[in-house]
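[1] structure here, sequence nowhere to be found:
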Ligand SMILES: [Zn+2]
Ligand SMILES: [Zn+2]
């Protein structure tokens, strides 16, 4: 299995337009973060988790020319706003499978009504194949995927476990029953926004506490704000098995 971090930034990305914050002005490529997304690949299958406003550039940058589907964590724009840019994949491959909670699918249908419409559809619009996910294991590309249910303030969010890799973002609370699905992970990806607390995202301390409960072999932090600090400086403060993710990082298991 291969995990590629397409983006590791919070909703505005880093740098933020117009910001003079030192992290936004950093010349270190690891401090430049597109909106959060990953590519996960196994056995010639390629899935994307989330499809934010940087999706087109992320696909070009990762040289990704074929996708088998898109899984959505939740409906926020930084995770969904790029859906129109599935067009090149649709033109090559036909209907693109998408996987989302029923509520998230409903939101996509409102925001991208021209994609989902069946009446007088514009010929240039892409088509998707809808797959509703509930909080139970589903089959994807020949493996079992386990949804991990959590909350982002009061908004339900799905993370996903693929064999011994789990990807969770935009979490603020995760019940113990859901944490129990994360035993014996090789890789846990979890969101850590900044140092100060936030109503709907784990801050660094909360992410580290979560990692201590889950006990993966290695953990990677994502959905990072400029307010977390410089990549190199923050990395030095982390436990030995915890790493700040950065854009273009690839992990192979
Ligand atoms: Zn987000
Ligand atoms: Zn969100």
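    Yep, that arrived. All of these numbers come straight from a predicted model, not from anything done at the bench. Residues are numbered from 1 along each chain as shown. Ligands and ions are numbered 1, 2, ... in the order given.
[2] residues contacting the residue in the stretch 1-150 of the chain positioned nearest to ligand 1?
    Closest residue of the stretch 1-150 of the chain to ligand 1, Cβ to the ion: residue 78 (4.4 Å). Backbone N, C-alpha and C define where each C-beta goes, glycine included. Taking Cβ atoms under 8 Å, 6 or more residues apart in numbering, we find residue 78 in contact with 10-11, 35-36, 52-53.
[3] centre-most residue in this protein?
    residue 37 (3.7 Å; Cα atoms, centre = their mean).
[4] for that residue, give me its contacts.
    Per Cβ under 8 Å, 6+ apart, neighbours of residue 37: 6-7, 48-52, 54-55, 58, 79.
[5] how about the nearest residue to it, chain neighbours excluded?
    residue 6 (4.2 Å; Cβ to Cβ, 6 or more residues apart in numbering).
[6] residue 138 too?
    Nearest to residue 138 is residue 145, by Cβ to Cβ, 6+ apart, at 5.6 Å.
[7] and the pLDDT at that neighbour?
    pLDDT, the model's per-residue confidence, is 98 for residue 145.
[8] how deep is it tucked in, by neighbour count?
    Per other Cβ atoms under 10 Å, the neighbour tally for residue 145 reads 19.
[9] kindly report the same for residue 91.
    Per other Cβ under 10 Å, the neighbour tally for residue 91 reads 10.
[10] try residue 132
    Close neighbours of residue 132, defined as other Cβ under 10 Å, add up to 14.
[11] without its sequence neighbours, what residue ends up closest to it?
    residue 102 (5.1 Å).
[12] correct me if wrong: that neighbour contacts residue 135.
    No - if you go by Cβ atoms under 8 Å, residue 102 and residue 135 don't touch, sitting 11.2 Å apart.
[13] so which of those two has more stuff around it?
    residue 135 (14 against 10).
[14] read off the pLDDT value for the more buried one.
    Taking residue 135 on its own, its pLDDT is 98.
[15] likewise for residue 123?
    89.
[16] ok, it - how many residues close by?
    Residue 123 is flanked by 4 other residues according to other Cβ under 10 Å.
[17] so who does it touch?
    By Cβ under 8 Å, 6+ apart, no residues touch residue 123.
[18] can you confirm it is in a strand?
    No - under DSSP: H, G, I helix; E, B strand; the rest coil, residue 123 sits outside any strand and is assigned coil.
[19] tell me how far it lies from residue 235.
    Distance from residue 123 to residue 235, counting by Cβ to Cβ, to the nearest Å: 49 Å.
[20] ok, residue 9 next?
    Counting by Cβ to Cβ, the separation of residue 9 from residue 235 is 16 Å.
[21] do the same with residue 242
    Taking Cβ to Cβ, one finds residue 242 at 9 Å from residue 235.
[22] neighbour-wise, which of those two wins?
    Counted by other Cβ under 10 Å, residue 242 and residue 235 do not tie: residue 242 has more neighbours, with 21 against 15.
[23] how many neighbours does residue 211 have?
    For residue 211, the neighbour count with other Cβ under 10 Å is 22.
[24] work out for me the element it sits within.
    Residue 211 is located in helix 204-214, with elements delineated by DSSP states H and E.
[25] other SSEs contacting that helix?
    helix 176-179, strand 187-191, strand 218-222 (3 or more Cβ pairs under 8 Å, 6 or more residues apart in numbering; DSSP states H and E).
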